[in-house]
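Novice: show me the folded form of this:
(4 chains)
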2 protein chains.
Amino acid sequence: MKSRKLYNRISVLRKEKGISRQDLADIIGVNFQTIGYLEREEYNPSLDLAFKISEYFGLPIELIFSPKPLKSLIGEIVELKNKIGGK
Amino acid sequence: MKSRKLYNRISVLRKEKGISRQDLADIIGVNFQTIGYLEREEYNPSLDLAFKISEYFGLPIELIFSPKPLKSLIGEIVELKNKIGGK
DNA sequence: ACTTTTTGTTGTAAATATACAATACTTTGA
DNA sequence: TCAAAGTATTGTATATTTACAACAAAAAGT
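Specialist: Alright, predicted model coming up:
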């Protein structure tokens, strides 16, 4: 199965936490270069690795990874505000 | 990274839909034996394949796959009813 | 400006997921 | 009970992910 390129927000989330790739890699238990490959979206994580990342950030997989390009977090917020604000 | 064994509900969900592995495989675009391996939990899907399965069933990945053994669907329901019913 | 830390790049090797084929076993249904 | 459909098993081949190392480039802190 030729697998689709997936998009993710790892680098943004990691920066919000203020940790380095090495730190994140250590916590999760992978090589720090693996985090690099994921952030650059050079390949997709295994489902298990995706779960580990999702557990670390305390967020569902769908909020971190997506088959469709992810909008910026700020963009998400604006969109949600519009939805709530009604009209 | 030695990857953890993951659990899933593919066979139950597939049976609820009343389709065969071959059918599911065709829809998703993988070999039918791959579905077999996943249902028997002999290996984990890639994140992309997990997304495809999740898209087909219209359910979030977390409801289909889990690092911890999944309780039966009926078990989930009972638990939720207890939670709602209070006490 | 200099030093250190972080990130990117390239290359190789190992582990794991997926495909495919052939055949046996099991279940279902007529 | 027999036939067909579905599932399991075994084996081999390919693709993809992960690890690891060494070095270059960039960013951050002093």
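Novice: all contacts plus neighbour counts: C-alpha atoms, from now on.
Specialist: Fine.
Novice: show me which residues of chain A are close to chain B?
Specialist: On the criterion Cα under 8 Å from any Cα of the partner chain, chain B has as its neighbours in chain A the residues A:1, A:3-4, A:6, A:29-31, A:44-51, A:60-62, A:67.
Novice: buried subset of these?
Specialist: A:6, A:44-51, A:60-61 (16 or more other Cα atoms under 10 Å in any protein chain shown).
Novice: how close does A:Arg4 sit to A:Ile28?
Specialist: Applying Cα to Cα, to the nearest Å, the value for A:Arg4 to A:Ile28 is 24 Å.
Novice: thinking again about what came up before, the buried ones among the residues of chain A next to chain B in helices, which ones?
Specialist: A:47-51, A:61 (DSSP state H).
Novice: mind checking how far stretch A:45-61 is from the chain centre?
Specialist: Counting by Cα atoms, centre = their mean, to the nearest Å, stretch A:45-61 is centred 8 Å from the centre of its parent chain.
Novice: what sits up against that stretch?
Specialist: A:13, A:28, A:38, A:64, B:3-4, B:6, B:44-47, B:50, B:61-62, B:67 (Cα atoms under 8 Å, 6 or more residues apart in numbering or on different chains).
Novice: and these near DNA strand D, which?
Specialist: Filtering these for proximity to DNA strand D (criterion: Cα under 7 Å from any atom of the strand) leaves A:38, B:46.
Novice: ok, so of the contacts of stretch A:45-61, who is nearest A:Ile74?
Specialist: A:Leu13 (12.5 Å; Cα to Cα).
Novice: what about that closest one, how many neighbours?
Specialist: For A:Leu13, the neighbour count with other Cα atoms under 10 Å in any protein chain shown is 14.
Novice: next one: A:Tyr7
Specialist: Neighbours of A:Tyr7 under the rule other Cα under 10 Å: 20.
Novice: confirm for me that it is in contact with A:Ser66.
Specialist: Yes: with contact defined as Cα atoms under 8 Å, A:Tyr7 reaches A:Ser66; the gap is 5.2 Å.
Novice: list residues touching both of those two?
Specialist: Common contacts of A:Tyr7 and A:Ser66 (Cα under 8 Å, 6+ apart): none found.
Novice: and A:Arg21, how close does it get to DNA strand C?
Specialist: According to Cα to the nearest atom of the strand, to the nearest Å, A:Arg21 stands 4 Å off from DNA strand C.
Novice: next: A:Tyr7.
Specialist: 15 Å.
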